[in-house]
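Enquirer: just coords:
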C-alpha cells in the first residue's frame, strides 16, 4: 500500500475550518484514501474515505486532487472535541488489505 | 453505524499471567478482524490479521506463540497474551470490517484494552 505524508501538527481556532493535508504521491489506481482520528486513549474513529471523487458526510469533507497524489480533510467548523491525531491512510480495495498507520497530524483546536 | 466492542477496557495483572481480550462486531459479520498494539506516544502497529475459521496471519516480528488469536465466529475474535511480562504492557486495539459489503468498506475499531503487567 502507498505511504502517506502528513504534517506532524496543526492548530485551528474553534469555529473555523480545519484543513488537514495529506500527500500520497505513489497511490495506485485501485487504492482508496481513508481518514481516521484518534482521541487520546481511545480507538481510532473512522471519518471518511474516497477513491477519486470528493466526498462529504456529517463529519467532514474529503477533497482529492485530480491526479490523486494528495488530499485534504476538511472539518468545516472545528470544536474543542475535534482535538485528536488524524491519520490519512491509503489502502487497496481487497478484503485482505490492511490499514497501516503512519504518524498522523496532531490537530489542536483552541478557543 | 458499525460498532466494534472490545473487552475488557483495562486489565492489570501479575507477570506470568495469561490475559484474554475479546473483540466483537455487534451489528455486522466480520470475516476479517485485525489486532493492533500501540505504545505511548507512538502510532498503531498491526500485529496480526484474523480470519474466521482459519489461522491468523502475523506481522513480521510478532510472536505467534505469545499472542494467540482465535476467530471462531463471524462476530468474535480473541487475543490471548500468554505468560505476559512487563514489556507486553501496551494498548491493544482490535478492528473489524464488514466483509459482506465489498472490499472498500472501512475498518471500525474497538475502544482498546489497556494492559498493565506488574
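Expert: Now that the structure is in, tell me what you want to look at. All values reported here derive from a predicted model rather than from experimental measurement.

Enquirer: Tell me where chain B has helices.
Expert: Along chain B, no stretch is classed among the helices by DSSP state H.

Enquirer: where do the strands sit along it?
Expert: Applying DSSP state E to chain B gives strands spanning B:4-7, B:10-13, B:19-25, B:32-38, B:45-51, B:57-58, B:67-73, B:76-81, B:90-97, B:107-109, B:113-117.

Enquirer: Which secondary structure elements does the longest one sit against?
Expert: If I follow you right, that is strand B:90-97. The contact analysis (3 or more Cβ pairs under 8 Å, 6 or more residues apart in numbering or on different chains; DSSP states H and E) places strand B:90-97 against strand B:4-7, strand B:19-25, strand B:32-38, strand B:76-81, strand B:107-109, strand B:113-117. Where C-beta positions appear, they are placed from N, C-alpha and C, glycine not excepted.

Enquirer: hmm, 10 Å instead?
Expert: strand B:4-7, strand B:19-25, strand B:32-38, strand B:45-51, strand B:67-73, strand B:76-81, strand B:107-109, strand B:113-117 (3 or more Cβ pairs under 10 Å, 6 or more residues apart in numbering or on different chains; DSSP states H and E).

Enquirer: do the fourth one as well
Expert: Contacts of strand B:32-38 with other secondary structure elements, assessed using 3+ Cβ pairs under 10 Å, 6+ apart, are made with strand B:19-25, strand B:45-51, strand B:57-58, strand B:67-73, strand B:76-81, strand B:90-97, strand B:107-109.

Enquirer: Not including adjacent chain positions, what is the nearest residue to residue A:17?
Expert: residue A:76 (5.3 Å; Cβ to Cβ, 6 or more residues apart in numbering or on different chains).

Enquirer: Please report how far the one you found lies from chain B.
Expert: With distances taken as Cβ to the nearest Cβ, to the nearest Å, residue A:76 is found 20 Å from chain B.

Enquirer: and chain B, which residues reach chain A?
Expert: With the criterion set to Cβ under 10 Å from any Cβ of the partner chain, chain B comes near chain A through B:1-2, B:4, B:6, B:9-10, B:31-32, B:34, B:36, B:38, B:42-46, B:49, B:51, B:57, B:59, B:91, B:93-95, B:97, B:99, B:102-114.

Enquirer: Am I right that residue A:109 is in contact with residue A:86?
Expert: No - Residue A:109 is not in contact with residue A:86 according to Cβ atoms under 10 Å; the separation is 11.5 Å.

Enquirer: Neighbour count for those two, which is higher?
Expert: Of the pair residue A:109 and residue A:86, residue A:86 is the one with more neighbours under other Cβ atoms under 10 Å in any protein chain shown, namely 23 against 20.

Enquirer: No more questions from me, cheers.
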